[in-house]
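In: Give me coordinates for this.
(chains A, B and C)
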Amino acid sequence: MFRISFFIGKPLFCYIEGFTTENYLRFFTDPYAHRLLMFTLELSVPVVLITVPIAYVMAYAISRSSGIKRFVLMIVTIFPIWINLVVMAFGWNMIFAKYGFLNFCLMKLGLISDPQPLGYNFNAVVVGLVYVCLPYVILTLVSVLDNIDPELEDAAKDLGAGKLRCFWEVTLPLSMPGIITGGTFSFIWAMSSFVVPSILGSPLEKTISIEISNQVLMTLNWPYGSVLSLVLLSIIGVALIISNMVRERVTKWVR
Amino acid sequence: MSVAVETRNIVKTFDKGRVVAVDNVSICVRKKEIFTLLGPSGSGKSTLLRIIDGLERPDSGDVFIEGECVTDVPTHKRNVCMVFQRLALFPHKNVFENVAFGLKMRKTDKTEIKKRVEETLAMVELDPKIYAARYPQQLSGGEMQRVALARAMVLRPAVILFDEPLASLDKRLRDKMRVELKQLLKKFNITAIYVTHDQEEAFTLSDRIAIMNKGKIIQVGRPMEVYERPRSAFVANFLGDTNILKGVVEKVGTKSISIKLKEGISILAAKEEMFSSTRDVIVCLRAEKIVLSNEPLYENRFEALIKEVLFSGENIEYLAELQEGLILRVKEKNRGQTFNKGDKVFVNWRLQDSVLISE
Amino acid sequence: MGKMKFEGSKLLNVACFFICLFLLFPVIIILISSFDPAKYIRFPPSGFSMLWYQYFLSNANWQKAFANSLYIATLTTLISVPCGVLAALAYRKYNFKFKNLLNTIVVLPYVTPSLLIGITILMTFSRTFLRGTYYLVAAAHSLWSTSFIYLLMQAALSNYDLTFEEAAMDLGASPLRTFIEVTLPSLKSAIISSVIFGFITSFGEVTMAIFLTTSETITLPVALWKSLKFELHPVALVASMICIIFAVGTMAIIVKFVGIETLSKIGAKTEMSK
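Out: Sure thing, here's the model as predicted:
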């Protein structure tokens, strides 16, 4: 489905008509902007690659359990969704901080002698983003895994597939749509993340969203900010289209 | 070795022992035989099947496949295949891949796989050239059944298990498939254990039937045997329309026994050794054995009033009330001539038409 | 099922445990640290005191932010709950021409990154009198929250049988009465959850708020944000705890009312609506 953004009416010509093309031009020619874009992509890809497998493991466990165990796991999964982003980032900040938890542990274990600045870098941001995305992806995968007919797995076993092969041949392919959706979600979120990178990253780690906010709130160059937003939006749109296409290809069966 | 599958004293409980699904069941299925587990829902038949397949482990007892004890052997290593209720055809694989799955798991080489798959598809009358590349969603109900069967057959297991596979089909298709299935199974000498709650299905298909209820095997025998000579009221009731009459043995003669029913009338039944005088007895009288007439016909003949007439196409059912208040169900083939509500008739049956059961 | 896959299960369990730990980790840290009376934030905490809690409660700025958050959240709830609930009901019951379009539009804000929504609204209304008001923030939050509630109601409605309503009307109740007597009570728990849902999503929303609030209308999360960016003060920990407490509390209520499975269906619905 092609996403037509109904609510976003871009006031591209914020002040004078003449500005419009100029801003677009600026974007397309400015290497700084390109670097920004690349960096954001660089950030998003690891996030997706880390989130999806972890989410799958958790989702698999949830869908194969029942009763109290399932309840507890679900609660823990949903938990981060309710905590707002700033609090999350803050918590991770504290963990990574110079005098934070991780350093404390490492010192106690004797691995390092001085507190290291573990935070405010790329990895911290990745961890933070994974944390944000994980619950949603887990939930998506849980619902997909739940819908796989258990008879199919029984049949695979019956026909001679050991546990591992059964998973590879039956469960995994059937949960592919969920994986794609989850991955896309993580990607979109990571691309448009703003709060987490700004708190957990140093000024070096600027995502396109941070730049947008800077333009809008500080430099007050709204037109340029809008251009960037549009770019972001189109990237997201493209990602969605691609993900839908991939989904269609992979799920050869019509539901 | 003529025994394909044997179970000994299988017990299976769920919910920490609160639900006894299979209660000390021992059965013996011979090679090339179609053996059916028949019973109402919850009687444990599916559970027993799954235990034989290896998908469930019994709490105690053993399963033997072709003489070998497989109780501790996991499903994927047993030489048993199951056709599932919802067929469980892999939706993301086409027909060829579905049927080839088991062979692939056994690491059979590609040319051999191709040969056997095509062979088996032909056996179930699906032309490989047309069907091999299709996906399950593109198949009709009957075609899907065949693919499921082929998938099991191609592995040439010791026994194929069927878990009510025809349940999802409509009546006409079900009847047709039933006949085809039996022909296929017999043609290729396949041993099969079939589970169903449909009595008609069990009768049409099986060589032998085991009737189950509440986890126990109640009676085992050939269909005719089980039908004509039920050994318990449950079996009699489960199979077809029966009138269950309770009474006490009055007199034992040379060829017949006279039984006094609790309603007061005396009926005659064929003599059976174990029923001596004053014993409590249950008489099972099949609805279709009773004949209605205007004149008395057989040894057992009673006047009755027709209370209700139920027309169902092939048959006509009557509820006939005898003078003493006993109501009998009568089933007659629709021969055109019918009795009507309120008619006075004679209900007749012969000595040998009833079956005596002790309880 | 677990019997034959024992080895696999064990590994899975261990992995799960660590993942759970990961998911709960930051919150635990904040919880512990918020009781630390030291002036600088460090681990391990140097003591246990309610010092910063008291500070939070007495500090005008933080209190204002807190109050703002509550106010805006309430406004949002008032707007989004009726919209979301009615939209979901309408979708379920009627088949009108633009049904699918409506579905897309209503779900749209949910899948659009809040950053973009925030900016759009800021720009769209910047020349209007709504600029910088509470209502604007509430409106932005409502967009998002209505989406959420819509999805929640859809998930809850999937368990709801419309034939109840048909029966009521068949027995002579007018549509309005049917709504009051049959629909609402059956959906009571879902609606209550929606209310709470609307509240908490607004309360915890930060991205949009950063763009749309001024120093007057600042919300708690935004205040927290500012604090983290500029002058980090231990009281921020307390503010965080407040957010967490609200979050946990509302989550507990909703789980009790709607059940956790329905909640997770929201995730499924989003997938389907793609």
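
In: For residue C:137, which non-adjacent residue is spatially closest?
Out: Leaving aside its chain neighbours, residue C:137 sits nearest to residue C:212 (4.7 Å; criterion: Cβ to Cβ, 6 or more residues apart in numbering or on different chains). The way it works is simple: take the backbone N, C-alpha and C, and place the C-beta from them, glycine included.

In: Which pLDDT value belongs to the one you found?
Out: Looking at residue C:212, its pLDDT is 78.

In: May I ask you to confirm that it is in contact with residue C:121?
Out: Yes - using Cβ atoms under 8 Å, residue C:212 makes contact with residue C:121 at a distance of 6.5 Å.

In: so what sits against both of these two?
Out: Common contacts of residue C:212 and residue C:121 (Cβ atoms under 8 Å, 6 or more residues apart in numbering or on different chains): C:136, C:140.

In: The two - which one has more neighbours?
Out: residue C:212 (29 against 22; other Cβ atoms under 10 Å in any protein chain shown).

In: And for residue B:280, the neighbour number?
Out: A count of nearby residues for residue B:280, using other Cβ under 10 Å, gives 12.

In: and the closest residue to chain C within chain A, what is it in contact with?
Out: Nearest residue of chain A to chain C: residue A:91, at 2.4 Å (Cβ to the nearest Cβ). Neighbouring residues of residue A:91 by Cβ under 8 Å, 6+ apart: C:25-27, C:29-30, C:240.

In: ok, 6 Å please
Out: C:26, C:29-30 (Cβ atoms under 6 Å, 6 or more residues apart in numbering or on different chains).

In: Next: residue B:255.
Out: For residue B:255, the contacting residues are residue B:271, by Cβ under 6 Å, 6+ apart.

In: any idea how far chain B is from residue A:102?
Out: Counting by Cβ to the nearest Cβ, to the nearest Å, the gap from residue A:102 to chain B is 43 Å.

In: right, and the secondary structure at that residue would be what?
Out: Assigned by DSSP: H, G, I helix; E, B strand; the rest coil, the conformation of residue A:102 is helix.

In: which residues in chain B form helices?
Out: Listed in chain order, the helices of chain B (DSSP state H) span B:45-53, B:95-105, B:110-123, B:128-131, B:141-153, B:171-187, B:199-205, B:223-228, B:233-238.

In: meant to ask about the stretch 1-150 of chain A, not that
Out: Ranges of helices in the stretch 1-150 of chain A, per DSSP state H, counting those that start in this stretch, are A:19-29, A:31-63, A:67-82, A:85-96, A:101-108, A:122-146, A:150-158.

In: Pick out the residue closest to the middle of the chain.
Out: With no chain named, the answer covers chain A. Residue closest to the average C-alpha location in chain A (Cα atoms, centre = their mean): residue A:186, at 2.5 Å.

In: Chain C is the one I meant
Out: In chain C, the residue lying closest to the centroid (Cα atoms, centre = their mean) is residue C:201, at 2.3 Å.

In: What strand or helix carries that residue?
Out: Taking DSSP states H and E as the criterion, residue C:201 maps to helix C:188-204.

In: got the buried residues for that helix?
Out: Using 16 or more other Cβ atoms under 10 Å in any protein chain shown as the test for burial, helix C:188-204 gives C:189-204.

In: just checking, residue B:20 touches residue B:215?
Out: Yes - look at residue B:20 against residue B:215 with Cβ atoms under 6 Å: they come within range, at 5.2 Å.

In: who's more crowded, those two?
Out: Per other Cβ under 10 Å, whichever of residue B:20 and residue B:215 has more neighbours is residue B:215, with 23 against 17.

In: which phi and psi does the more buried one have?
Out: The phi/psi pair for residue B:215 (degrees, to the nearest 10) reads phi 90, psi 0.

In: Identify the residue spatially nearest to residue C:144, adjacent ones excluded.
Out: Nearest residue to residue C:144, sequence neighbours excluded (Cβ to Cβ, 6+ apart): residue C:109, at 5.0 Å.

In: If you could redo that for residue B:139, that was the one I meant.
Out: Nearest residue to residue B:139 in three dimensions, chain neighbours excluded: residue B:147, at 6.8 Å (Cβ to Cβ, 6+ apart).

In: what's the neighbour count on that neighbour?
Out: 24.

In: Go ahead and confirm it touches residue B:96.
Out: No - between residue B:147 and residue B:96 there is no contact, the gap being 9.7 Å when judged by Cβ under 6 Å.

In: before we move on, the earlier item: the helix holding residue C:201 near chain A anywhere?
Out: Yes - using Cβ under 6 Å from any Cβ of the partner chain, helix C:188-204 reaches chain A at residue C:204.

In: Equivalent analysis for stretch B:109-121, please.
Out: No - applying Cβ under 6 Å from any Cβ, one finds stretch B:109-121 out of contact with chain A, separated by at least 12.9 Å.

In: Show me what counts as buried in that stretch.
Out: Neighbour-count burial for stretch B:109-121, counted by 16+ other Cβ under 10 Å, picks out B:113-114, B:116-118, B:120-121.

In: Also stretch C:16-32?
Out: By neighbour count on 16+ other Cβ under 10 Å, the buried set for stretch C:16-32 is C:16, C:19-20, C:22-23, C:26-27, C:29-32.

In: can you count the residues close to the residue in the stretch 101-250 of chain C positioned nearest to chain B?
Out: Residue nearest to chain B within the stretch 101-250 of chain C: residue C:158 (21.9 Å; Cβ to the nearest Cβ). By other Cβ under 10 Å, the residues close to residue C:158 number 12.
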